[in-house]
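J.: one predicted model, sequence on top.
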Amino acid sequence: MRVCLASTSPARLMLLRQSGIEPETMAPEVDEEVAVAQVEAAEGRRLPASEHVLLLARRKAADVAERIDPAFDGIVIGGDSMFALGDEILGKPYTADNAIARWNRMRGATGVLHSGHSVLRVVPGEEPREAFAVAEASVTFSADITDDEVAAYVATGEPLHVAGAFTVDSLGGAFIDRIDGDPSTVVGMSLSTLRVLVRRLDVEWTSLWNR
C-alpha cells in the first residue's frame, strides 16, 4: 500500500516515519489565502479555526491526488494546523518581533491547536474516496518563562515558521507544562485520528508500515 504525504512539513514527515511509514511526498499547489477568502466570501462569514484547517487539508489532499502518478494505488494524506489563543488565531509569526509578542501573551496561558486531516483512497481508474476529521489538543505554557528565555528561543529561529510560534518536539518543548489531547496533534498531525480515517477507507493502519 503506497502512501503519499501531501505536505512539505518536516514535522509531519517525521511523525509518519516514527510511526513506521516512509511516505512519498508531493507539495500541494494550493493558494491557501485565496482558498479561504473565496469560501468566506461565498458564505459571508469568517471561518473558525476548525473549519479553516479542514478546508485546507482537504484542498491539499485533493490537489495532490489529481496530479499524482496515474498508477498510484494507495492513500494520500493532507493536513493543516492553526493555533488559537482565546478568540485569536495565531499563525506563523515569520519575524522575531512577532514571535516575542506571541510568547509574551502565551506565558501562563492555554491555547488550542487545531489540526485538519484528509485521507484519500486512490485507486487507478476509480474516483478517490475520502475520510476527514479535525483533531484538537490544548497546550498550557509555563508561567515562569523569562524574557531572556523568550529572546534566546526566538533567536534560534525555530518558532518563526511554525503555527503558534512554538514546537513541542524540539526546543520549545521545555516551555510547555501540559498537553491535553493527542500530543502528535501539536506536532502536526494526530496519528490516532489518521488511523481512524484510514480504517474508514477499509485500509488497515498496520498495512502501511514499510520501514
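T.: All right, it came through fine.

J.: which residues pair with residue 74 across the strands?
T.: Going by DSSP bridges, residue 74 is paired in beta bridges with residue 2, residue 122.

J.: correct me, but it touches residue 2?
T.: Yes - the criterion here is Cβ atoms under 8 Å, and residue 74 meets it with residue 2 at 3.1 Å. (Each C-beta comes from the backbone N, C-alpha and C, glycine too.)

J.: now do the buried residues in the helix or strand of the chain with the lowest mean pLDDT.
T.: Every helix and strand in the chain was compared by mean pLDDT, DSSP states H and E; the lowest is strand 88-90, with a mean of 85. Across strand 88-90, burial judged by 16 or more other Cβ atoms under 10 Å covers 89-90.

J.: thinking again about what came up before, between residue 74 and residue 2, which is the more surrounded one?
T.: residue 74 (19 against 16; other Cβ atoms under 10 Å).

J.: the longest helix belonging to the chain: how far from the chain's middle?
T.: Ranked by residue count and defined by DSSP state H, the top helix of the chain is helix 49-67. Computed by Cα atoms, centre = their mean, to the nearest Å, the separation of helix 49-67 from the middle of its chain amounts to 11 Å.

J.: try stretch 77-91
T.: The answer for stretch 77-91 is 8 Å, by Cα atoms, centre = their mean.

J.: straight-line length of that stretch, end to end?
T.: With Cα to Cα, to the nearest Å applied, stretch 77-91 spans 21 Å between its terminal residues.

J.: and the residue of the chain most remote from its centre, helix, strand or coil?
T.: Farthest-out residue of the chain from its mean C-alpha position, per Cα atoms, centre = their mean: residue 125, at 29.7 Å. Classification of residue 125 using DSSP: H, G, I helix; E, B strand; the rest coil returns coil.

J.: need the pLDDT of it.
T.: pLDDT, residue 125: 93.

J.: what does the one 3 residues further on give?
T.: Predicted confidence (pLDDT) at residue 128: the value is 97.

J.: regarding residue 8, what is its secondary structure?
T.: Of the three states, residue 8 takes coil according to three-state DSSP.
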